[in-house]
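K.L.:
Structure for the following, please:
(chains A and B)
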Amino acid sequence: MARGALQVRRWPGGVAAVCVATLILGTLLAVVLRAEAGRGLGPSDWAAIRFTVWQALLSAVLSVLLAIPVARALARRAFPGRRAIIGFLGAPFILPVIVAVLGLLSVFGRGGILNVALRWVGLPEVQIYGLHGVVLAHVFFNVPLATRLILQGWQEIPAERFRLAAQLGFGPREMARVIERPMLRRAVPLAAVVIFALCISSFTVALTLGGGPRATTVELAIYEAFHFEFDLGRAALLATVQIVLVGVAALLALRASVAEGFGAGLDRVVTRSDSGGLGKVSLDFVSITAASLFLLVPIVMVAVEGAAGLWKMPAQVWTAAVVSFCVALASTGIMLALALPIAIAAASWRGFEAVGLFGIAASPLVIGVGLFVVIFPIADPFALALPVTALVNAVMALPFALRILVGPVRDVVESYGRLSATLGIGGWAWMRLILLPRLKGPLGFASGLAAALSMGDLGVIALFADSETATLPLQMYRLMGSYQMEAAAGAAVVLLVTSFGLFWAFDRGGRSHVDA
Amino acid sequence: MKYLALAAGTLMSTAAWAETPVLTVYTYDSFVADWGPGPQIEAAFEETCDCDLKFVAAGDGAALLARLRLEGARSDADIVLGLDTNLAGAAAESGLFAPHGQSVAPDVPNPSGEAGAWEDPLFLPYDWGYFAFIYDTEKLADVPGSFEELAASDVSIVIQDPRSSTPGLGLLLWVKEQYGDEAGAIWEGLADNVVTVTKGWSEAYGLFLEGEADMVLSYTTSPAYHIVAEEDESKAAAPFPSHYMQIEVAGKLANSDQPELADKFLAFMTTDAFQSVIPTTNWMYPAFTPNEPLPDAFAKPIGPEQARLIPAGDVAAIREEAMAEWRAALSK
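P.N.:
Down below sits the predicted model:
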């Protein structure tokens, strides 16, 4: 790697990386030390482990199976709105989980529109609580992700191959065997493993739609051990199990992602000889329409119900919204303070990036329990609920931010390093004059993601909050718990608007000055 | 001069406000709701105490206790209101509570001893009720009359988690008390009727009202709420051969910084001013019958011979086994 003559300062990155590693490993250590070795895992813990793996497996397989026809349809069709749909597939990433759950309830719940329709035609009703609901919500979140990943696979197949295949007179079967199946063999396992890893540590979905001995994930069991029984030892033991599970899943995901395809794809529609025929066109039409409806209807339901609920919300919702907004901004600030130095240091040594990626394997509840164990003897953990939430959210957003920032930082260092060194620009001046102006786009994008993720997060705060401090997602969960569904829908609209608004503002802010 | 007077006035009123002692009471969510007993009781007590009574909603039953243990000596709570006799043993073991020092004779059935006797030195009763499954008479025709019939039917139910909620624990002990060694088999039969297990009573009752299940575990007095508050006579409690009781209790924390005020509150709890609020806000029977008669909807459908209650001291020994049976049956 050409580093240029510019000597990038690595120590700030080192400090930031050490902070992150200390937070993740230190809390882990605190948890492990607290776990009493002799206790072992009870039958209900094993049930939670089995359920965690099983629901993640089902979610991954179903998401991928549903995504394949959608991705294929998007890959081989050109129509107005295609780009909008592909862009929309990125939305679930920053959609607050609790909002989606409320939307799914209004569609698939017993009083939801699906069951009303089923009752009307005399069919048996569907049940959303338990395994079904957990998997349904995970599929809702991950079909778009799987579609994007598989679509990328399709788009990485150069148009020339399809032309060559057409020239050689390939029928649909040969086309599938020679071109598509090898691509799917690479793209599908990667998508499946990534989704599996994401679903292993899912908390909000299990909290709202699961529960009870039959549908408890390990993350939820940690929360219950902590909240119902105040059994720190068992919480710690479960946290250790969780780390192993997430760690194994993350390793699988990393291994699967090593086998990458043929470079960058051109995001254009490949004209294919085998895409004609009424059957295929209608199949593609149905795939895209069904997927769009599946993703859009719950959100639209929340928006419609929420518009009415806005007037029925208790004042706490607005307080919680302000609290969440401040936490999101603080979290974004912390994320930047960590990510930027690490990204700069990673421009000269990739090892730094790995530290940030740690965050993927860490579970927020494990960090939460660890921090609780550490803080409890010296201070009141409940008083620190909000700072802790901001900190943990920042660390959770760090891996994504680094993915976004490391490449562009390296480009700047490589392109401008020699010139800067010649002109004697270094240190702060270099940051201010050379690096930051060129990094506004990626910084805005990363900040937008961090802010939106923090805004919608319901994790650590559920462990630490007392009845007075609540973030907006927690307040919404409480409203749902006391069955004030209209007020909850109103809160969902506020949450939705703030999350997407924060993302939009940061991302937009980053892009508007990119040429300055 | 005017400003000075104003400033002095403000300062003095702040000082006066700062001197008003605050009594913090941890309780469950539905107690502090606008329609719950909290607001009326707060007003009534503040009239007599020259203090600020602050209710903090800290979760149902066991979650309330876990919260106290979580906070330990740092807790702001002076009083905990909303445990029940089934949890009293575990709560006493935590060592967080101080004796109430009162002798009372509550009007509460006592299946295992002499009526009116109250021997718990740490906790005082404030209301009680019978657990029952509530259903909608307009929607459910074949009402099961026992756990066996319920298990054999395809009637869907919502129950509460015994680890976090007092009704959930009550149901667990109800089944265990009635069936003993057969309790596990009963739970296996009930497993496919259970739609979901909620963390607290409010969630479960809300799910039932939204139509997510045919029946919900609540109290025989729940239909009274619909009759009195909503003039809706469609809700009813399914009569079973026996009904487990719940006696809700409150206790004073040993670490309270307002011990006298806490004692005052516990004494207030047994008077008419508190007890007369309970029936039509908490929808339970008052533990000390107030002068004014109960609404007709509270006519007791269950005779004392049907009442069941495991004595507080025996719960701990039974709880573990019952919990294991419950978990094993429901996690299949």
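K.L.:
okay, and the helix or strand of chain A with the least pLDDT?
P.N.:
In chain A, no helix or strand scores lower on mean pLDDT, DSSP states H and E than helix A:351-361, which sits at a mean of 70.
K.L.:
And the residue of the stretch 251-400 of chain A that's closest to chain B?
P.N.:
In the stretch 251-400 of chain A, no residue comes nearer to chain B than residue A:380, which is 5.4 Å away by CB to the nearest CB. (Glycine included, C-beta is placed from N, CA and C.)
K.L.:
Same check on the stretch 101-250 of chain A?
P.N.:
Closest residue of the stretch 101-250 of chain A to chain B, CB to the nearest CB: residue A:212 (3.0 Å).
K.L.:
Quick check: bridge partners of the closest residue to that residue other than its chain neighbours?
P.N.:
Computed as CB to CB, 6 or more residues apart in numbering or on different chains, the closest residue to residue A:212 that is not its neighbour in sequence is residue B:197, at 3.0 Å. Assessed by DSSP bridges, residue B:197 has beta-bridge partners residue B:159.
K.L.:
per-residue confidence at residue B:197?
P.N.:
For residue B:197, the model assigns a pLDDT of 89.
K.L.:
what do you get for the one 4 residues further on?
P.N.:
Reported pLDDT at residue B:201 in the predicted model: 87.
K.L.:
got it, and residue A:72?
P.N.:
With respect to pLDDT, residue A:72 scores 90.
K.L.:
where does chain A dip in pLDDT?
P.N.:
Applying pLDDT under 70 to chain A flags residues A:1-7, A:35-39, A:211, A:257-276, A:356-358, A:360-361, A:467, A:483, A:513-516.
K.L.:
The residue of the stretch 201-332 of chain B found nearest chain A and residue B:165: what is the separation?
P.N.:
At 2.6 Å from chain A, residue B:206 is the closest residue in the stretch 201-332 of chain B, using CB to the nearest CB. Residue B:206 sits 13 Å away from residue B:165, going by CB to CB, to the nearest Å.
K.L.:
more crowded one of the two?
P.N.:
residue B:165 (29 against 20; other CB atoms under 10 Å in any protein chain shown).
K.L.:
Got the phi and psi for the closest residue to that one other than its chain neighbours?
P.N.:
Of all residues not flanking residue B:165 in the chain, residue B:60 sits nearest, at 4.1 Å (CB to CB, 6+ apart). The phi/psi pair for residue B:60 (degrees, to the nearest 10) reads phi -80, psi 160.
K.L.:
Let me know the helix or strand that residue A:129 is in.
P.N.:
Secondary structure assignment for residue A:129, by DSSP states H and E: no helix or strand.
K.L.:
From what I see, residue A:26 and residue A:373 are in contact.
P.N.:
No: using CB atoms under 8 Å, residue A:26 is not in contact with residue A:373; the gap is 10.4 Å.
K.L.:
So for these two, which residue has more residues nearby?
P.N.:
Of the pair residue A:26 and residue A:373, residue A:373 is the one with more neighbours under other CB under 10 Å, namely 20 against 15.
K.L.:
Nearest residue to that one in space, ignoring adjacent ones along the chain?
P.N.:
Nearest to residue A:373 is residue A:30, by CB to CB, 6+ apart, at 4.6 Å.
K.L.:
residues in contact with that neighbour?
P.N.:
Residue A:30 sits next to A:370, A:371, A:373, A:374 when contact means CB atoms under 8 Å, 6 or more residues apart in numbering or on different chains.
K.L.:
so which strand or helix has it?
P.N.:
helix A:11-34.
K.L.:
try residue B:89
P.N.:
Secondary structure from DSSP H and E places residue B:89 in helix B:85-93.
K.L.:
Please work out the average pLDDT along that helix.
P.N.:
Averaging pLDDT along helix B:85-93 gives 90.
K.L.:
Please identify the buried residues of it?
P.N.:
Within helix B:85-93, the residues scored as buried using 16 or more other CB atoms under 10 Å in any protein chain shown are B:85, B:86, B:87, B:88, B:89, B:90, B:91, B:92.
K.L.:
And the pLDDT at the nearest residue to residue B:50 once chain neighbours are set aside?
P.N.:
Once flanking residues are discounted, residue B:50 sits nearest to residue B:20: 7.3 Å by CB to CB, 6+ apart. Note on residue B:20: pLDDT of 86.
K.L.:
Distance of residue B:20 relative to chain A?
P.N.:
Remark: distance between residue B:20 and chain A (CB to the nearest CB, to the nearest Å) = 19 Å.
K.L.:
Show me the domain layout of chain B.
P.N.:
According to automatic domain parsing, chain B comprises the domains B:2-128+B:246-298, B:130-245+B:304-330.
K.L.:
Could you look over these and pick the most buried one?
P.N.:
Comparing the domains of chain B by mean neighbour count (mean count of other CB atoms under 10 Å in any protein chain shown), domain B:130-245+B:304-330 ranks first with a mean of 20.
K.L.:
Now do that domain: distance to the chain's middle.
P.N.:
Offset of domain B:130-245+B:304-330 from its chain centre (CA atoms, centre = their mean, to the nearest Å): 15 Å.
K.L.:
Kindly report the residues of the stretch 201-350 of chain A close to chain B.
P.N.:
Applying CB under 8 Å from any CB of the partner chain, we find that the stretch 201-350 of chain A lies next to chain B at A:211, A:212, A:213, A:214, A:224, A:226, A:227, A:228, A:229, A:230.
K.L.:
Select from those residues every entry located in helices.
P.N.:
Taking DSSP state H, the ones among these that sit in helices are A:224, A:226, A:227.
K.L.:
Let me see the contact set for residue B:300.
P.N.:
B:220, B:285.
K.L.:
same check, this time on residue B:301
P.N.:
Neighbouring residues of residue B:301 by CB under 8 Å, 6+ apart: B:220, B:237, B:239.
K.L.:
what's near enough to touch the last one?
P.N.:
In this case it means residue B:239. By CB under 8 Å, 6+ apart, the contact list for residue B:239 reads B:132, B:145, B:301, B:302.
K.L.:
circling back to that earlier point, could you tell me which residues make contact with the residue nearest to residue A:212?
P.N.:
Contacts for residue B:197 were tallied using CB under 8 Å, 6+ apart; they are A:211, A:212, A:213, A:214, B:158, B:159, B:160, B:161, B:168, B:330.
K.L.:
Then residue A:217?
P.N.:
The contact partners of residue A:217, by CB under 8 Å, 6+ apart, come to A:48, A:51, A:52, A:55, A:134, A:202, A:203, A:206, A:210.
K.L.:
Any chance of CSV for those residues, columns neighbour count and distance to residue A:320?
P.N.:
Shown next, in CSV, are these (neighbours: other CB atoms under 10 Å in any protein chain shown; distance: CB to CB, whole Å):
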residue, neighbour count, distance to residue A:320
A:48, 28, 30
A:51, 24, 31
A:52, 26, 30
A:55, 24, 29
A:134, 30, 26
A:202, 22, 23
A:203, 23, 19
A:206, 27, 22
A:210, 25, 24
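K.L.:
biggest separation within those residues, which pair?
P.N.:
Farthest apart among the contacts of residue A:217 by CB to CB are A:51 and A:203. That separation is 13.5 Å.
K.L.:
Can you tell me which of the domains of chain B has the worst average pLDDT?
P.N.:
Minimum mean pLDDT among the domains of chain B: domain B:2-128+B:246-298, a mean of 85.
K.L.:
what's the offset of that one from the middle of its chain?
P.N.:
12 Å.
K.L.:
and the nearest residue to residue A:309 once chain neighbours are set aside, how many residues sit next to it?
P.N.:
Leaving aside its chain neighbours, residue A:309 sits nearest to residue A:490 (3.1 Å; criterion: CB to CB, 6+ apart). By the measure other CB under 10 Å, the count of residues near residue A:490 is 25.
K.L.:
Doesn't residue A:490 lie inside a helix?
P.N.:
Yes: counting by DSSP: H, G, I helix; E, B strand; the rest coil, residue A:490 is located in a helix.
K.L.:
Now do the contacts for it.
P.N.:
Here residue A:490 is in contact with A:306, A:307, A:308, A:309, A:310, A:311, A:312, A:313, A:317 (CB under 8 Å, 6+ apart).
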